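Undergrad: need the 3D shape of this:
(chains A and B)
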Amino acid sequence: MKPARRIGLALLLLWSLVPIYWAVRTSLQTESDARATPVQFLPLNPTLENYRTLLTGDGEVPAQIRRSAWNIVIECGAATVVTVLLATLAAYAFARMRFRGRKVIFYTVLATMTLPAYTTLIPLYRIMSQFSLVNTYTGIVLVYVSGFLPLATWVLYNYFSSMPVSLEEAATVDGAGRLQVLWHIVLPLARPGIISTALITFLFAWAQFLFPLVLSSDLSTQPLTVVIAGLQGRHVVPVTLLDAAGVLAIVVPVVLALTFNRYIVNGLLAGSTR
Amino acid sequence: MPRTRSSKLIAALGLTAALVAAGCGAPSVGNKNASDQTSGVTINVVLAAEPPPKALLAEFTEETGITVNWTNLDWDSLQTKISAAAAANTYFADATNVDWSRVGQLGKLGWFTPMETFLDTAAMKDDVPQLASFTSDGHVVGIPYDASFMVTTVNRAMFEKAGIGEMPRTMDDYTDDLRRIKQAGVVEYPLNIPFAAAEGLSTYWYETTAAFGGTVLDAEGNPQFKEPGSAGFQAAQWMIGALKEGLVPPGNINVTDSQGQQTLMATGQVASTFSDYSGTVGTIYDVEGSSKVAGDVEYLPTPGVTGPAANLSNPDAVGIPKQAKYPDAAAKFIDWFASAETQAAFSGLDGPEKIYEAYPLPSHVSAVDRMVNADKLAGGAELVTMLEGSQPVFEGGAPTWYPKFSNAVYTSLHAAATGSMSVEQAVGTIAEAAEDLAGAA
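TA: The predicted structure follows:
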């Protein structure tokens, strides 16, 4: 690698990682150490007390963090399951079945990805309100599904399209029906694509802020991202505890992204080299 | 009918029904299903504040039969929710925040039910001087529940260490004293100005403009700071000059007003904040443990051109959105929450179990008087005087286009602080923005 590229890469890494390092550093300090001057770039007396407080402690803030962590897992998990299920069926139909208007419907679904998400906020809010789905898991999950379904369908469509048709034809010759082919032949082969789609959907859902902010009214449904933002600017919340909460919020996506990095990249590139 | 056409018809009817059910395109009106019940109901109160003490809320519920479901949301998120709910004509709270800076906008848009519909607001005027900040076109949009206003805070110990016995009363003396503190080596950067491009920089400039004896906009929204001799121009020059002269920490380019600015003061890294918030001495700087300057910081009558200047108000109020489900019950809650008696209890006058910890200062002068008489207010005597003389930031209330104006203010002043604009250019840009916005309105 050329020196200029190395320097560029190093700068990019610094730009991305220093804020995260700083949050981790602060979360491992006491409040007085974090505010000490001169600034400690390495925590001299690291402590896990902030994490202990958040995970097992009493008080309003730890209770809020734990409840909202539970909420975000439920909302992202449910949105992922529903999105992958619907996207699998839709993508398979678009990739393999021939019916009138197939291309128009498919490209219409894809075209919705070009709409800025914010333009749908108010209409979705009104629809959810009319059906009494504001401040419910169902409402938030439905909105996530509507937002992520086009991308998930596109990723899986590319994956299904790249698979050879001959295996499915052989199964059909042996008397298998369409759903049997899908269940016994296609899905096992498409497992990497489905895992990619699930990961992409989960990570996108985890990063949501504006939609759950508007669609949730209290702690019964507010995800971690909304609750942590709400803790900022409150003098009663120590900055060390706030940073520990922030680190907890990124742990799940970081672990998923690092562990399944290959699947995510493959999923997003599926079909690009055909 | 062929199957395909039938499917299309069903799909079209379904879509139409969903849109009609959602009421898309309907004008923003009040909640037709609102109830006038004032007992046996649960109301949702959403504010950018901690909930009040449980003991007090329980008393309210016992007295009225109204249960309060309190949600604490940060200020920015709350403003997004208020706008989204109003634009979608959808319920989200029975009572919520009305910020002073959005009064003109909220009043014009009619998103909140005028409070005089429910309460005798005329009778409140004398005891709640900041009610004027929440009046738009003769209607009271919200009732202030605290008395936040801009004040000057000084670390007296640092001033004394620099040999300053008598505290400054004019801008010239104040500036000279800051230079003396720096020269004496008491602290390298004595003055605190939050130069990050954020709302706090705008309010700092408004307060400094008032100190120079002027106002930013007149009652019609015309800019009053274009001429080099004007107060607003001098204020901008003074702020940027202080940074260039080394009176302000260079890192303050990225410091915001809230936690950032106040942390510098609480950790003893600066000697004075010219435009701080009322109540910070008692609630932040005097708090042992989190503050390094406990007992050293006090309020200073804000220095002006020839003597103490007025203090500008930026209080928090609570109002009733048009989509509230229980507006009468919400009004009953606001009447209680913003009353002098409740505010006195918040401030610790009725026992420790009723203290509202994050509460800055009562909006009722009578409640502040009671606190001072009971010796329950750090810097109380000074604060009472400032509260009585506090003035709205804008003569005619905040204009409907305030958010855009404020954006022009803080981005331009920030640019001047970083050196990418001169003070003249920054002030010119702000004036141009004000004229464009006022003209378009």
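Undergrad: how close does residue A:101 get to chain B?
TA: With the distance defined as Cβ to the nearest Cβ, to the nearest Å, residue A:101 ends up 9 Å from chain B. All C-beta spots, glycine's among them, are computed from the backbone N, C-alpha and C.
Undergrad: should've said residue A:127
TA: Applying Cβ to the nearest Cβ to residue A:127 and chain B gives a distance of 4 Å.
Undergrad: burial of that residue, as a residue count?
TA: 24 (other Cβ atoms under 10 Å in any protein chain shown).
Undergrad: could you measure from it over to residue A:59?
TA: The gap separating residue A:127 from residue A:59 is 37 Å, by Cβ to Cβ, to the nearest Å.
Undergrad: ok, now residue B:39?
TA: Distance, residue B:39 to residue A:59, using Cβ to Cβ: 33 Å.
Undergrad: do the same with residue B:387
TA: With Cβ to Cβ as the criterion, residue B:387 and residue A:59 are 33 Å apart.
Undergrad: which residue of these two possesses the greater neighbour count?
TA: residue B:387 (24 against 10).
Undergrad: secondary structure element for residue 108, which one?
TA: Using chain A here. Per DSSP states H and E, residue A:108 falls inside helix A:102-111.
Undergrad: actually it's chain B I care about, not the one you picked
TA: Here residue B:108 is assigned to helix B:103-109, by DSSP H and E.
Undergrad: residues contacting that helix, please?
TA: B:28, B:86, B:98, B:112, B:133-137, B:139, B:141-142, B:319, B:394, B:397-403 (Cβ atoms under 8 Å, 6 or more residues apart in numbering or on different chains).
Undergrad: those, buried ones only, as a ChimeraX selection?
TA: Entered in ChimeraX, the line below selects the buried ones among those, by 16 or more other Cβ atoms under 10 Å in any protein chain shown:
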select /B:86,98,112,133,134,135,136,139,141,142,319,394,397,398,399,400,401,402
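Undergrad: out of the contacts of helix B:103-109, which sit inside strands?
TA: In this view, the contacts of helix B:103-109 that belong to strands under DSSP state E are B:98, B:112, B:135-136, B:139, B:319.
Undergrad: and stretch B:74-91, what's its mean pLDDT?
TA: The average pLDDT within stretch B:74-91 is 88.
Undergrad: give me the residues contacting that stretch.
TA: For stretch B:74-91, contacts defined as Cβ under 8 Å, 6+ apart pick out A:121-123, A:125-126, A:129, A:134, A:210, A:213-214, A:226, A:229-234, B:23, B:26-29, B:31, B:46-48, B:73, B:92-93, B:96-97, B:99, B:102, B:109, B:111, B:321-325.
Undergrad: can I have the buried ones of the residues you listed as a PyMOL selection?
TA: Those of the contacts of stretch B:74-91 that count as buried under 16+ other Cβ under 10 Å are selected in PyMOL with:
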select buried, (chain A and resi 121+122+125+126+129+134+213+214+226+229+230+231+232+233+234) or (chain B and resi 31+46+47+48+73+92+93+96+97+99+102+111+321+322+323+324+325)
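Undergrad: before we move on, back to that, hmm, which of the ones in strands among the contacts of helix B:103-109 is lowest in pLDDT?
TA: residue B:136 (84).
Undergrad: run the contact check for the strand or helix carrying residue B:332 versus chain A.
TA: In this assignment (DSSP H and E), residue B:332 forms part of helix B:327-337. No - if you take Cβ under 8 Å from any Cβ of the partner chain as the test, helix B:327-337 misses chain A, and the best it gets is 15.1 Å.
Undergrad: beyond that helix, next helix or strand please.
TA: helix B:340-346.
Undergrad: helices or strands up against that following helix?
TA: helix B:54-64, helix B:365-373 (3 or more Cβ pairs under 8 Å, 6 or more residues apart in numbering or on different chains; DSSP states H and E).
Undergrad: ranges for the strands of the stretch 251-400 of chain B?
TA: B:272-277, B:297-300, B:312-313, B:316-321, B:391-392 (DSSP state E, counting those that start in this stretch).
Undergrad: the first one and chain A in contact?
TA: No - Strand B:272-277 stays clear of chain A (Cβ under 8 Å from any Cβ), getting no nearer than 10.9 Å.
Undergrad: what is the rounded mean pLDDT of that strand?
TA: 92.
Undergrad: can you list the neighbours in contact with it?
TA: By Cβ under 8 Å, 6+ apart, strand B:272-277 touches B:148-155, B:174, B:178, B:190-193, B:203-204, B:207-208, B:211, B:257, B:261-262, B:265, B:300, B:302, B:314, B:360.
Undergrad: contacting residues for the closest residue to residue A:91 other than its chain neighbours?
TA: What sits nearest to residue A:91 in space, not counting adjacent residues and going by Cβ to Cβ, 6 or more residues apart in numbering or on different chains, is residue A:156, at 3.5 Å. If you count contacts by Cβ under 8 Å, 6+ apart, residue A:156 has them with A:87-88, A:90-92, A:190, A:193-194, A:197.
Undergrad: likewise residue B:290?
TA: Contacts of residue B:290 (Cβ under 8 Å, 6+ apart): A:31, B:266, B:284.
Undergrad: include distance to residue B:378 when you put those into CSV, please.
TA: Converted to CSV, the contacts of residue B:290 look like this (distance: Cβ to Cβ, whole Å):
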residue, distance to residue B:378
A:31, 22
B:266, 14
B:284, 10
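Undergrad: ok, so of these, who is nearest residue A:20?
TA: residue A:31 (20.3 Å; Cβ to Cβ).
Undergrad: which element is the residue nearest to residue A:91 on?
TA: Per DSSP H and E: helix A:137-162 holds residue A:156.
Undergrad: just the angle between that helix and helix A:102-111, please?
TA: Here helix A:137-162 runs at an angle of 130 degrees relative to helix A:102-111 (axes from the mean of the first three to the mean of the last three Cα atoms, to 10 degrees).
Undergrad: and helix A:137-162, average pLDDT?
TA: According to the model, helix A:137-162 has a mean pLDDT of 94.
Undergrad: before we move on, the earlier item: for the contacts of residue A:156, which one is nearest residue B:330?
TA: Of the contacts of residue A:156, the one sitting nearest to residue B:330 (Cβ to Cβ) turns out to be residue A:87, at 43.6 Å.
Undergrad: identify the residues contacting the closest residue to that closest one other than its chain neighbours.
TA: Of all residues not flanking residue A:87 in the chain, residue A:152 sits nearest, at 3.6 Å (Cβ to Cβ, 6+ apart). Taking Cβ under 8 Å, 6+ apart, we find residue A:152 in contact with A:83-84, A:86-87, A:91, A:197, A:200-201.
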